[in-house]
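>>> Based on what follows, work out the 3D shape:
(one chain, ligands or ions: 2)
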Amino acid sequence: MDKKALQEKAALIRQHIIREVYHGGSGHPGGSLSATDIMTVLYFNEMNIDGHNPLDPNRDKFVLSKGHASPALYACLAEAGFFPKEDLVTFRKLDSCLQGHPSMLKLCGVEMSTGSLGQGFSAAVGMALANRLDGKTSRVYAMLGDGELQEGIVWEASMAASHYGLDNLCVIVDHNGLQIDGWNCDVMRVMPIADKFRAFGWNVLELDGHDIDAILSCLAEARQHKGTPTVLVAETHKGKGVSFMEDQAGWHGKAPNREQAEQAMAELGGVL
Ligand SMILES: Cc1ncc(C[n+]2csc(CCOP(=O)(O)OP(=O)(O)O)c2C)c(N)n1
Ligand SMILES: [Mg+2]
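Numbers count the residues shown, from 1 in each chain. Ligands and ions are numbered 1, 2, ... in the order given. Down below sits the predicted model:
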């Protein structure tokens, strides 16, 4: 897909996110909207995946380690043909495949059940190692929140990925500056993120996580890089695309009411 098509797809994904969370009556819009541009480029340009052949042994894999951003993941999977888009409104309903946090046992296309912060990243390291042992050239991608970096397991996984020189692994940190209760710098400082990963032996690329060109070129650079894993530290805005949600901790895990959802959809160029 070219840049314009990716921007249009990202707008569609954002509309789905608002619909899901509105109809679900709960969920996490803020961190879904900050991750949207990166996940759109991953799903519709970068990764070798096929919604009609979801178990292809040679597919690339994406692990949403910040599993609470499930509305973004479900929107991408639906748009990529893994399941019907009409099902998106069942988000967070009893017996739906679209649980609040992604379950690989309920939905084909979810590569790892996540929600307990930090664990998805470790699973992705294992997948990348397994690909290498199996002689596969497919790649593994994982997305982490910046608050998630406060989990100790993240740094154990970072150490292991570097030790094994997993250049088939690309991690993206959604650096929106906010976590559940406020700014990272007030809750538990995670900066300087890039220096920390560099100290762990990673190839580090810093970018604007809403700039499609920058995302495309950093992912291409990560693919070319050999010998160490790559992390993209992406500067983003929580709630990106919906004026009253942008940079607001209060929209971390709250559903909009009807009026708010209608305003959000209007700003995103859609209808509820
Ligand atoms: C181990 C664990 N502790 C706490 C939580 C509750 N929780 C869910 S989201 C969140 C904040 C995460 O912040 P961040 O990683 O920055 O996510 P984003 O800003 O991208 O939404 C917390 C504490 C959890 N899911 N897992
Ligand atoms: Mg955050």
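>>> With just CA atoms, put the top helix by length along the chain into CSV.
The single longest helix within the chain, with elements called by DSSP state H, is helix 3-24. Extracted as CSV, the C-alpha positions of helix 3-24 are listed here (Å, rounded to 0.1, in the frame of the first residue of the first chain):
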residue,chain,number,x,y,z
LYS,A,3,1.3,6.3,1.9
LYS,A,4,-2.1,7.7,1.1
ALA,A,5,-3.8,4.3,1.2
LEU,A,6,-2.1,3.6,4.6
GLN,A,7,-3.4,6.9,6.0
GLU,A,8,-6.9,6.1,4.8
LYS,A,9,-6.6,2.6,6.4
ALA,A,10,-5.4,4.2,9.7
ALA,A,11,-8.5,6.5,9.7
LEU,A,12,-10.7,3.4,9.2
ILE,A,13,-8.9,1.6,12.1
ARG,A,14,-9.5,4.6,14.4
GLN,A,15,-13.2,4.6,13.5
HIS,A,16,-13.4,0.9,14.3
ILE,A,17,-11.7,1.5,17.7
ILE,A,18,-14.2,4.1,18.7
ARG,A,19,-17.1,1.9,17.6
GLU,A,20,-15.8,-1.1,19.5
VAL,A,21,-15.2,0.7,22.7
TYR,A,22,-18.5,2.6,22.5
HIS,A,23,-20.6,-0.6,21.8
GLY,A,24,-18.5,-2.6,24.3
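>>> residues of that helix that come out buried?
6, 9-10, 12-24 (16 or more other C-beta atoms under 10 Å). (C-beta placed from N, C-alpha, C; glycine too.)
>>> do stretch 122-136 as well
Neighbour-count burial for stretch 122-136, with 16+ other C-beta under 10 Å as criterion, is recorded at Ser122, Ala123, Ala124, Val125, Met127, Ala128, Leu129, Asn131, Arg132.
>>> Let me see the contact set for the nearest residue to Val21 once chain neighbours are set aside.
Counting by C-beta to C-beta, 6 or more residues apart in numbering, Gly27 is the residue found nearest to Val21 once chain neighbours are left out, at 3.9 Å. By C-beta atoms under 8 Å, 6 or more residues apart in numbering, the contact set of Gly27 is Glu20, Val21, Ser70, Pro71, Phe91, Arg92, Gly100, Gly253, Ala255.
>>> and what of Leu268?
Here Leu268 is in contact with Ala11, Arg14, Gln15, Ile18, Gly241, Val242 (criterion: C-beta under 8 Å, 6+ apart).
>>> let's go with 10 Å and repeat that
Counting by C-beta atoms under 10 Å, 6 or more residues apart in numbering, Leu268 makes contact with Ala10, Ala11, Leu12, Ile13, Arg14, Gln15, His16, Ile17, Ile18, Leu33, Gly241, Val242.
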